[in-house]
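[1] how would this look folded up:
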Amino acid sequence: MDVRGAVYVVLRGPAEKVERTLATLKKAGIFAERSVRGPDAVEAFFHGGDERPSPRFMDVCAAHVAKAAIGTDFTVEETGTISSAAAARQLAYNRRTGEWLGAFIDTQAPQQARSETLAHLAREQGIEVADIELRDPPEFRPAAG
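    A predicted model of the protein is given here:
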């Protein structure tokens, strides 16, 4: 999936609570990962199917994340959109259980880099690489209101 136009929401909080916060967001059905912005940052991602999401959609995404993060000591710091031409990602799922493994895979990375990423993820999860299935992220449709 080309994720240009995807909305990202950056949260910041205590570095020692990143993993717990990621688990909380995952439980809420939010796709998030550690951020390259620092050891105390997490990024959540949403895609509404539009290359140019509206400010209202971006605000709804930020509010959704902020609500899910209550009690984690993480707060929304920034919201923006991905506009890079090299922005193709898929989500890694356990083929046997259907569970999201909490990872985004850059499908435009060189084959060797993708293979190494998938091998690392499989080791981390205690599964075989063949048990990893890549899927497009679901579109996020905010509730009417």
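
[2] Quickly list what A32 is bridged to.
    Counting by DSSP bridges, A32 is bridged to A44.

[3] Could you report the neighbour count for it?
    24 (other CB atoms under 10 Å). Where you see a C-beta, it was placed from the backbone N, CA and C, and this is true even at glycine.

[4] quick one: contacts for it?
    Shown in contact with A32 (CB atoms under 8 Å, 6 or more residues apart in numbering): L22, L25, K26, V42, E43, A44, F45, V65.

[5] What separation do you get for it and F45?
    With distances taken as CB to CB, to the nearest Å, A32 is found 7 Å from F45.

[6] now swap in A66 and tell me
    As judged by CB to CB, A66 and F45 stand 15 Å apart.

[7] Of these two, which one has the most company?
    Neighbours were counted for A66 and for F45 using other CB under 10 Å; F45 has more, 21 against 14.

[8] Strands along this protein, start to end?
    7-12, 31-34, 41-46, 75-81, 89-94, 100-106, 132-135 (DSSP state E).

[9] average model confidence for the third one?
    Average pLDDT, strand 41-46: 89.

[10] begin at 14 from here
    Will do, 14 is the new start, and the previous item becomes strand 54-59.
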